[in-house]
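S.K.: Sequence and predicted structure below; questions after.
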Amino acid sequence: MKRLIHRWTPPAPPGTLDAMPDWTVTSETGRLTDVLVCAPDHYRWLPTNSIARRTLAGGGQPDLQGLQAQHRELVAALEQGGAAVHHLPPEPHLPYMAYTRDSVVVTHRGPVLCQLERPQRRGEYAALIDWHGGRFWRKSSAGTLEGGDIHILRPGLALIGASGGRTDLDGAEQLAGWLRAEGWEVRVQPFDEHFLHLDVLFCLAAPGLAAACLDVLPDDFIAWLTERGIACLPVPYRAAMQLGCNILSLGEGRVISAAESRELNAALRAEGLTVLDPALSLFTAGGGGPHCLTCPLQREEETP
C-alpha cells in the first residue's frame, strides 16, 4: 500500500495564476478599487512620439529622484482615492513600462493583452503575461492595439482611437468586433498619429463629462458624444500637448489630474468634482499623464 504524503504548498504570490482575481472594468468612471502601476526606476525619455521628441530637443534626461518622487505622489493620490495599488516590477531594458495603460486593457470580460507598436515597448507583453498569470479574455493579434486608445465609456459603450500609428485600424476593429459580439456599441475614431494616443485628446472625468481638445477633434465625434449624453470641457491644443486632457477618474466625483493642468483643474472643480493633483511634469514631458500611468484592474459597476 502506498503511503500518501501531504506536503504544504505555500500560497501563490500576487500575479500568478492561482492568486489572480477575475479583474473586470465596465466603465471609465466607476469607483476605482484596484489599479496597476510600475515604478519609473529605469524610465527615460524616448524619441518615440512628438511630445517626447520636443522635450529631447531641449537636451538632457529626467532626474531619477524627481521621477520617483512624482510617481509616489501619483500613488498617494490613488490610495487617497481608495484604490488598492498593485505594482508591476520594472525591467531595466523597458524604460516606458511606467505607462501601464498600454500593454493591457481590462474589459467587462477581463483583461485583453494588447499588441504594442513601438519596438522599444514590445517586450512589455512578457511581464504582463506573467503578472496576470496568463489569464486574458482576448489577445490582440491583428495589427496593433494600445490601451491609451481604448475608452470603456460605460457599460455597453466603448470608444477606440485608430491613428494608424500606435493603434491601427486592424487592431481597433478586432477589439471592436469582440465587444460588438457582446452586444456593445463601439465607435472607432480616426485621428492623427501626431497625438500619440486618443487619451491625449479625450478622457472621461465623470459620467457624462469629459476633457477634450475641441480644437482638434472632429465635429461629428463631438456630436456623437453629445447624443450619448457626454459633455466636454474644452482643453486647448497647447494644453493637450502637455497632457492636459490625460486625466483619470476615480469615481464618486473624484479625478486625478496633473498639478500643471491648472485651468482644467479649476474647470473640473467648478463642475463639483474633487481634483487630486500630483505633480507629473517629468512624465508628461515624455508623453504620458495620469491616464497613461495607470491600468485600472477593477471598478465597481455604476448604477443609473
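M.R.: Arrived safely, thanks for sending. Numbering: from 1, shown residues only.
S.K.: use CA for all of it now, contacts and neighbours both
M.R.: OK.
S.K.: Is the spatially most central residue of the chain in a helix, a strand, or coil?
M.R.: Nearest to the mean C-alpha position of the chain, counting by C-alpha atoms, centre = their mean, stands Arg101 at 3.3 Å. Under DSSP: H, G, I helix; E, B strand; the rest coil, Arg101 falls in the coil class.
S.K.: That one reaches Asp149, doesn't it?
M.R.: No: taking contacts as C-alpha atoms under 8 Å, Arg101 lies outside contact range of Asp149: 9.4 Å.
S.K.: which residues does the closest residue to the residue nearest to the centre of the chain other than its chain neighbours bridge with?
M.R.: Counting by C-alpha to C-alpha, 6 or more residues apart in numbering, Arg101 lies nearest to Cys295, which is 4.6 Å off, once chain neighbours are set aside. Per DSSP bridges, the residues bridged to Cys295 are Leu36.
S.K.: any idea how far Cys295 is from Thr100?
M.R.: According to C-alpha to C-alpha, to the nearest Å, Cys295 stands 5 Å off from Thr100.
S.K.: Report the set of residues contacting both of these two.
M.R.: 36-37 (C-alpha atoms under 8 Å, 6 or more residues apart in numbering).
S.K.: quick one: average pLDDT of stretch 66-86?
M.R.: Across stretch 66-86, pLDDT averages out at 98.
S.K.: Only the buried residues of it, if you could.
M.R.: By neighbour count on 16 or more other C-alpha atoms under 10 Å, the buried set for stretch 66-86 is 67-78, 81, 83-86.
S.K.: Same check on stretch 258-267?
M.R.: Quick answer for stretch 258-267 (16+ other C-alpha under 10 Å): 258-261, 264-265.
S.K.: For Cys232, I want the exact helix or strand it lies within.
M.R.: Assessed by DSSP states H and E, Cys232 sits inside strand 231-234.
S.K.: Export the next helix or strand after that strand to PDB, keeping only CA atoms.
M.R.: Remark: after strand 231-234, the chain's next helix or strand is helix 237-240, criterion DSSP H and E. Extracted C-alpha coordinates of helix 237-240, given in PDB (Å, rounded to 0.1, in the frame of the first residue of the first chain):
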ATOM      1  CA  TYR A 237      -4.200  72.300 -28.300                       C
ATOM      2  CA  ARG A 238      -1.200  73.700 -26.400                       C
ATOM      3  CA  ALA A 239      -2.500  72.300 -23.100                       C
ATOM      4  CA  ALA A 240      -3.500  69.000 -24.700                       C
END
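S.K.: in the very next helix or strand once past helix 237-240, what's buried?
M.R.: Downstream of helix 237-240, the first helix or strand assigned by DSSP H and E is strand 248-251. Under the neighbour-count criterion of 16+ other C-alpha under 10 Å, strand 248-251 has 248-251 buried.
S.K.: Now Asp168. Nearest residue, chain neighbours left out?
M.R.: Excluding the flanking residues, the one nearest Asp168 by C-alpha to C-alpha, 6+ apart is Ala162, at 5.1 Å.
S.K.: ok, now Arg138?
M.R.: Excluding the flanking residues, the one nearest Arg138 by C-alpha to C-alpha, 6+ apart is Val112, at 4.9 Å.
S.K.: what does the model give the nearest residue to Gly272 once chain neighbours are set aside for pLDDT?
M.R.: Of all residues not flanking Gly272 in the chain, Gly253 sits nearest, at 7.5 Å (C-alpha to C-alpha, 6+ apart). Listed pLDDT for Gly253 reads 97.
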